[in-house]
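Student: Here's my sequence, what's the structure:
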Amino acid sequence: MAAPPLAGYSCYAHFVVTSPRPLVAHVEINRPDKLNAFSRAVWLEFGRVFRQLSGDGGVRAVVLSGAGERAFTAGLDVRAASQEGPLAATGGEGDGGRDAARTAKALREHIEEFQGCITEMERCEKPVICVLHGISLGLAIDIACCADMRLCSSDTRFAVKEVDIGLAADIGTLARLPKIVGSTSWVKDVCLSARDFSASEALAVGFVSQVHEGKGAAVEAGLAMAGGLAGKSPVAVQGTKELLNYGREHATADSLRYTTVWNSVALQAGDVAAAMAGMFGKRRPTFEKL
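Tutor: Numbers count the residues shown, from 1 in each chain. Next comes the predicted model:
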């Protein structure tokens with residue numbers, strides 16, 4: 001039986017948002033006929049979806065996947081990109097005679113908008129589990145790098161594809177992927193060569209933490225994980241995500257200081273007492289919305 005739609009999210013043209021478990025949102029990229037490729041309209045909606053989820057007290061964990069069996073996402077919709085925004089106006093007569101500085105400014109704004117929309121998933125206060133499957137190329141890696149946890153199906157075909165279309169990846173992979181996996185050699189291998197790599201290779205280097213047989217099993221594993229997180233204190237879960245992300249970008253002393261300030265507030269929440277009572281009373285605690 002199909003999961004019920006999540007109230008307040010029916011306005012999106014390119015995403016389907018359902019609630020298959022209490023306090024869990026399942027976001028599906030919904031362009032299966034285009035292999036879930038992203039045009040500007042899609043990435044603008046992506047940013048809006050995750051901004052809304054971040055502030056939604058009725059959601060405590062999020063799963064992201066792609067609609068259909070063939071692809072999580074094939075990446076950028078290159079045809080659409082060539083017909084919209086500054087990319088449509090670079091070179092030839094369509095640029096209106098703008099010089100290089102003005103063309104570059106328009107391109108910078110375009111790239112920054114794209115980066116910002118994808119980064120909204122990383123900024124989302126709720127933990128996000130990305131379930132990759134089938135074709136997962138280019139932008140798929142940028143998106144997955146913004147997730148808190150990554151799972152995939154055994155048939156997933158990965159690639160950092162941008163070199164093969166004549167540019168360096170610019171939406172986040174080159175900044176984030178080296179911080180996710182432990183081998184700079186491997187990162188440079190896949191980013192410079194644009195070669196495909198498999199689910200088993202992604203697991204071996206730590207890009208994904210689980211591989212499942214088929215999309216359905218991978219999505220179900222992601223939803224089960226999200227359901228477990230949704231049952232825990234949102235103060236604790238969201239605080240842990242915030243402090244881990246801060247620690248990734250800052251020195252240990254700075255991170256310890258930030259943790260001290262953060263927990264000086266969090267320790268005053270009723271969640272601590274409820275969690276302790278549940279632990280010692282051997283009953284499942286319930287927590288208020290955050």
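
Student: wait, is Phe50 part of a helix?
Tutor: Yes: Phe50 forms part of a helix when assessed by DSSP: H, G, I helix; E, B strand; the rest coil.

Student: how about the strands of the stretch 101-250 of the chain, start to end?
Tutor: According to DSSP state E, counting those that start in this stretch, the stretch 101-250 of the chain carries its strands in the segments 128-132, 135-137, 149-153, 157-159, 197-198, 210-212.

Student: Tell me which residues are up against the fourth one.
Tutor: By CB atoms under 8 Å, 6 or more residues apart in numbering, the list of residues contacting strand 157-159 from outside reads 132, 134-138, 140-141, 190, 194-199, 201-202, 207. For the C-beta atoms, the positions are set from N, CA and C on the backbone; glycine is no exception.

Student: Below-threshold pLDDT in the stretch 151-290 of the chain: ranges please.
Tutor: Counting by pLDDT under 70, the stretch 151-290 of the chain has no low-confidence residues at all.

Student: In contact with the residue lying closest to Trp186 once chain neighbours are set aside, which residues?
Tutor: Distance criterion CB to CB, 6 or more residues apart in numbering; nearest residue to Trp186, sequence neighbours excluded, is Val205 at 5.3 Å. Contact criterion CB under 8 Å, 6+ apart gives 181-183, 186 as the residues in contact with Val205.

Student: of those, closest to Lys126?
Tutor: Closest to Lys126 out of the contacts of Val205 is Val181 (24.0 Å), distances taken as CB to CB.

Student: Filter the contacts of strand 157-159 down to the buried ones.
Tutor: 132, 134-138, 140-141, 190, 194, 197, 199, 202, 207 (16 or more other CB atoms under 10 Å).

Student: picking that back up, return the subset of the contacts of Val205 lying in helices.
Tutor: Using DSSP state H, the members of the contacts of Val205 that fall in helices are Trp186.

Student: how about the buried ones among the contacts of strand 157-159 in CSV, adding distance to Cys117?
Tutor: Output for these, formatted as CSV (distance: CB to CB, whole Å):
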residue, distance to Cys117
Leu132, 19
Gly134, 23
Ile135, 21
Ser136, 19
Leu137, 18
Gly138, 15
Ala140, 15
Ile141, 16
Val190, 24
Ala194, 24
Phe197, 26
Ala199, 27
Ala202, 24
Phe207, 22
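
Student: Quick check: the nearest residue to Gly138 once chain neighbours are set aside vs Phe197, distance?
Tutor: By the measure of CB to CB, 6+ apart, the closest residue to Gly138 outside its immediate chain neighbours is Gly75, 3.0 Å from it. As defined by CB to CB, to the nearest Å, Gly75 lies at a distance of 15 Å from Phe197.

Student: same check, this time on Met121
Tutor: Using CB to CB, which is the criterion applied here, Met121 is 22 Å from Phe197.

Student: what residues does the lengthiest helix in the chain touch?
Tutor: Ranked by residue count and defined by DSSP H, the top helix of the chain is helix 100-123. With contacts defined as CB under 8 Å, 6+ apart, helix 100-123 is touched by 40, 43-44, 46-47, 50-51, 54, 64, 85-87, 89-90, 95, 98, 128, 139, 142-143, 146-147, 170-172, 245.

Student: Count the neighbours of Phe50 for me.
Tutor: Applying the criterion other CB atoms under 10 Å, we find 26 residues in the vicinity of Phe50.

Student: again with Arg257
Tutor: Residues near Arg257, counting by other CB under 10 Å, number 12.

Student: In PDB, could you pull the C-alpha coordinates for the strand or helix carrying it?
Tutor: When elements are assigned from DSSP states H and E, Arg257 belongs to helix 252-266. Coordinates of each C-alpha in helix 252-266 appear next as PDB, following Å, rounded to 0.1, in the frame of the first residue of the first chain:
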ATOM      1  CA  THR A 252      39.000  20.300  18.100                       C
ATOM      2  CA  ALA A 253      39.300  23.100  20.700                       C
ATOM      3  CA  ASP A 254      36.700  25.100  18.800                       C
ATOM      4  CA  SER A 255      34.400  22.100  18.500                       C
ATOM      5  CA  LEU A 256      34.700  21.400  22.300                       C
ATOM      6  CA  ARG A 257      33.800  25.000  23.100                       C
ATOM      7  CA  TYR A 258      30.800  24.900  20.800                       C
ATOM      8  CA  THR A 259      29.600  21.600  22.300                       C
ATOM      9  CA  THR A 260      29.900  23.100  25.800                       C
ATOM     10  CA  VAL A 261      27.700  26.100  24.800                       C
ATOM     11  CA  TRP A 262      25.200  23.900  22.900                       C
ATOM     12  CA  ASN A 263      24.700  21.400  25.700                       C
ATOM     13  CA  SER A 264      24.400  24.100  28.300                       C
ATOM     14  CA  VAL A 265      21.100  24.700  26.700                       C
ATOM     15  CA  ALA A 266      20.200  21.100  25.600                       C
END
